[in-house]
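Colleague: what's the 3D shape of this:
(2 chains)
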Amino acid sequence: MSGARAYACLAVAVAAAALSACATSPYKRAGNAGEVATALARSQPRPPAARSLAFLVLEGAAGPRVAAYDLAASRLVWTQPGVVTTRIAVGGDIIIHGSNAPVAAAAGGPAPAVVVARDIGNGAVLWQHALASGERLAGYDIDANAVYLVIQKVGATQRGTTGSVVALDPRTKAVRWQHELPTGRVAGPAVRGGLVAVPVDSQYVILLDGASGSELAQVLSTAEAATFVRGLPEGMFYGSRGVFLLAPSTARGSRQAPGYLLAKLPAFVRPFYWYDLYRPEQAQYSAIDRNHILWRVAVEGDRARFRDDTVVVHDYRFLFGFDATSGALRWAYSHPSDAVASTDTGSVIAFVSSDGDIGAVDRVTGARRYQARLPGDVVRAATFDADGFSPTLPAAEAGAAPDVVATLGAIVADPDKRFPDLKLFAIDEIGRQPGREATGKLLEILGGRGLPPLAVQKTSEALAARRDTQSADLLAAALRVHADYAEGRTAPPIDFLARAVAALGPSGRSVWPELVAQLRQPETPTPAAAQIARALIATGAEEAIPALRDFLTMYRADPAHDADPSALIAVTEALLKLGGAGDRRLLLFVAEEPHTVAPLRAHLVRALGETDPGAVRTATRD
Amino acid sequence: MLVRSVGTAIALGLVLGATSAPAAETKPAGEAKPAKTKAAKTKTVAASEAGKRALPAARLDSLRADLAAEDDAAAIAAATALGASGAANAAEPLAELLAAGAAAGRTEAALDALGKLGGAGALTAPRVFEVLDLYAGHRAPEIRQRAVKALGTVKDPRATTTLLARLGDAAPGVRASAGDALAARRDRVATVRLFALLKKSDAGAASPLAALAGPDMIPQIAELAGSVDDGVLATTLGEYAQRGDVPDRLRLEVVRTIAKLAGAGATTALVEYIASVPAKDDRPSKREAQKLLDERETVR
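Modeller: Presented below is the predicted three-dimensional model:
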């Protein structure tokens, strides 16, 4: 068989196989915008919640418990004993969560998953649904009409594994319907307005009718995996690295779609928009609940944008409001202890801390808008059912928007060592803030102790980069501090301060006395002395010439500078640039005097020749 | 060599003009009010005599040439000779050498020589203060220490500021020399910083503080017992007790405080106090010190 003929046969075989695959593909409907439009048209968004509740997972001396806290009334509604293994979901008048089956645990085997439904009014267990042997719970969601479970039946092989959605009556657990999914690779669902969305096979989202279980449409995410689906009052969303508003235009999701959202955020932020519903461990309360992005969306037809152009980053003890488009920091809030859970109600960012603080800050300004306390309990996790919660503190307690510079400064100074990247971000952000306060804060950070070298470096760079000509006096004050053993005082980071002065150019000239005083200090390290000389050049501080001469002559023959003549060289450069004919004569003397350290002599001979050979000759004749 | 065509004298002249400390405020040494102590009076006389003594011009030029020569040994010998001369004009070549800069050996020799001249009351030129003040901030501790010692002998009130600053030096030897110099100058303003050093158990602060502390400071010093090194505290109190201007009832309290301290330092302080008192002087504090010393030996 000739090569060409063999190729033709192969092409035919591949095409036939592809056609065969198309004929049997369960995703023939994927990406059909019309079907998605129809499915969305049938979806009726839920009315705003008439309640503002936080469901708390408690632990401590009283054992594992579940509690409901009424945010509006600031009171605990009920507490019930119970182990919570997977995240609480709220819908209608019940809550559901995962738990362990105590019987199997007692038998010594692995505890199978149990879905527990509780009455939202008193927390009493309504029913429990134990998964059968070989079943794995991929996830669940709930609305007023049903509890939707996505169950994976694990087969002997990957192909033998199947998935299904089961709808249970919320009060009686009776099976309403069951829908077999086309694959065993399934993820947890989301429901909104009677439309159930289930991610499958990484790229697809199957849309089911919540009332009947019939398949309405399929979404194909072409640009990135669809690892989550999320129902919000403003729409149904899916995505992974970014967020797609479910709409006809995103039936075949691409990042160019008007419903695609991706916030611009700084490097320290983990780009986590919602839980990866394929991963069972993310169904559990974990560190993810303390470190994620909070977002709400303004929807206009197929178009979406982050509400108020703001996304909020929850990073353990800290909340940051960012401009979603520019990535600019709008506000920062620091809490004394880790917030174990948070939610964006559309008006405020509500959170619960591990030690029982329940708070809320304005999602646009960061101002404190709610505070309550649940004393004596350790809060392990929480789920909010508080959409639209928009509290207002009494005037006497209402806080102003937090001072960004002060908050960022506190983050940098915080002894908690878990957040090195966050500290670097905070330093950068302080550097971007206008005004003397920010310069003062950076100086305060530099003057502090125990900061990692990288953070010191970053602070120095931020200080120099801001070129705050109005704050030369602050730099001078910082440089006025000298090391003193008697007073237990160490020297400031002179090289960094000198660098910041240099960045001011002529505006930093007023700092020359402090620079000179540091140049004369015995503790001033060689690199710092070199930096001082450079700063004096940059600022044009001719007043410093006598001190430069002193430094040069005192150390020119000091063997300590033989190995590292950088300070001496920088000083000679300063004298060349700032000084006059007399200084050139001095440099000539230093260059020719045999006791001068060799590297300096070599440099001077070259530098003097390069700058003005004629002047050298003139000087020698004088 | 190019520099020779410029001329060392010219270069040195340039360099000498380089020191930046303002000279206008300098009070001529002769105008400085002498301390009213016996030692101070002696020094004043010495200074007066030194002022009359001067090296012949030829000798001075020879030594100056040796200082600038390439032979280190000759330069150091010249510096030593200048220092030993006690002559009023001997400081100038040494100051020139320092102002022009030199390797460590020559620098140290020049500073030592200036210290000797200062001890003889022969450091009067404002330029000397400026050079020593500069070298008191040298990066090498051994050079700083020598500069501080020499600076302490300069009759210039500006020296006090530098000496006080050197009490905060990172090098213990420099701190100790600064303390000694301030004590010798009877600069009581140093007591606050010396007390701060004592609180850090800095041994170098003991003697100067003992020399300068007023009676009102003794209770504060005594209260440091238990929080600072017993030996350093005992040395401070012991040397204070030896001062002639201390009332004996205060000495009595001081020796009792020393006796409460542990260690050989306290025993030594008591022994040295007793030894410092003339045999025929039977003051109560001496008897008490002896009694307390006997008790310590009995306990031992």
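Colleague: what sits closest to the residue positioned nearest the centre of chain A if chain neighbours are left out?
Modeller: The residue at the geometric middle of chain A, judged as the C-alpha nearest the mean C-alpha position with Cα atoms, centre = their mean, is A:Val269 (2.0 Å). Closest residue to A:Val269 apart from its sequence neighbours, by Cβ to Cβ, 6 or more residues apart in numbering or on different chains: A:Val313 at 5.1 Å. Using the backbone N, CA and C atoms, a C-beta is placed for each residue, glycine as well.
Colleague: ok so that neighbour is a helix residue?
Modeller: No - the secondary structure assignment for A:Val313 gives strand rather than a helix, going by DSSP: H, G, I helix; E, B strand; the rest coil.
Colleague: count the residues that sit near it.
Modeller: Neighbouring residues of A:Val313 were enumerated by other Cβ atoms under 10 Å in any protein chain shown; the total is 27.
Colleague: the domain parsing of chain B - what is it?
Modeller: Structurally, chain B divides into domains by automatic domain parsing as follows: B:8-14+B:35-186, B:202-300.
Colleague: tell me what A:Ile293 is bridged to.
Modeller: A:Val313 (DSSP bridges).
Colleague: what pLDDT does it get?
Modeller: What the model reports for A:Ile293 is a pLDDT of 97.
Colleague: check the one 4 residues further on too.
Modeller: At A:Val297, the predicted lDDT confidence score is 98.
Colleague: now it: how far from A:Glu234?
Modeller: Relative to A:Glu234, A:Val297 is positioned 5 Å away (Cβ to Cβ, to the nearest Å).
Colleague: then A:His561?
Modeller: Following Cβ to Cβ, the distance that separates A:His561 from A:Glu234 is 68 Å.
Colleague: what about those two, which has more around it?
Modeller: Under the criterion of other Cβ under 10 Å, the comparison of A:His561 against A:Glu234 puts A:His561 first, with 21 against 17.
Colleague: so that one, which of the three states?
Modeller: Secondary structure state of A:His561, per three-state DSSP, is helix.
Colleague: got the contact list for it?
Modeller: Applying Cβ atoms under 8 Å, 6 or more residues apart in numbering or on different chains, one finds that A:His561 lies in contact with A:526, A:555, A:567-568, A:597, A:600.
Colleague: and with 10 Å instead?
Modeller: Each residue near A:His561 by Cβ atoms under 10 Å, 6 or more residues apart in numbering or on different chains is listed here: A:526, A:529, A:555, A:567-569, A:596-597, A:599-600, B:139.
Colleague: what confidence value was assigned to A:Gln158?
Modeller: Predicted confidence (pLDDT) for A:Gln158: 73.
Colleague: with A:Thr596 instead?
Modeller: Per-residue confidence (pLDDT) for A:Thr596: 95.
Colleague: do I have it right that it meets A:Ile569?
Modeller: No - here A:Thr596 lies out of contact with A:Ile569, judged by Cβ atoms under 10 Å, at a distance of 11.9 Å.
Colleague: re the thing from before, what residues are shared contacts of A:Val297 and A:Glu234?
Modeller: Jointly contacting A:Val297 and A:Glu234 under the rule Cβ under 10 Å, 6+ apart are A:245, A:304, A:307, A:346.
Colleague: next, work out how far apart the third one and A:Gln44 are.
Modeller: As judged by Cβ to Cβ, A:Arg307 and A:Gln44 stand 22 Å apart.
Colleague: now swap in the second one and tell me
Modeller: When distances are taken as Cβ to Cβ, A:Ala304 and A:Gln44 turn out to be 20 Å apart.
Colleague: comparing the two, which shows the higher neighbour count?
Modeller: Under the neighbour definition other Cβ under 10 Å, A:Ala304 and A:Gln44 were set side by side, and A:Ala304 has more, 25 against 11.
Colleague: report the beta-bridge partners for the closest residue in space to that one that isn't next to it in sequence.
Modeller: Beyond its immediate neighbours in the sequence, the residue positioned closest to A:Ala304 (Cβ to Cβ, 6+ apart) is A:Leu245, lying 4.0 Å away. Using DSSP bridges, the bridge partners assigned to A:Leu245 are A:Phe237.
Colleague: isn't A:Leu245 right up against A:Val229?
Modeller: No - assessed by Cβ under 10 Å, A:Leu245 is found out of contact with A:Val229, at 11.8 Å.
Colleague: any shared contact partners between the two?
Modeller: Any residue near both A:Leu245 and A:Val229 by Cβ under 10 Å, 6+ apart counts here, and that gives A:236-239.
Colleague: between those residues, which is closest to A:Ala117?
Modeller: Within those, distances to A:Ala117 taken as Cβ to Cβ reach their minimum at A:Met236, with 23.6 Å.
Colleague: spit out the contact partners of the residue in the stretch 101-250 of chain B that chain A sits nearest to.
Modeller: Closest residue of the stretch 101-250 of chain B to chain A, Cβ to the nearest Cβ: B:Gly168 (3.4 Å). Taking Cβ under 10 Å, 6+ apart, we find B:Gly168 in contact with A:482-489, B:174-175, B:178, B:193, B:196-197.
Colleague: for it, which non-adjacent residue is closest in space?
Modeller: Leaving out its chain neighbours, B:Gly168 is closest to A:Asp484 (Cβ to Cβ, 6+ apart), at 3.4 Å.
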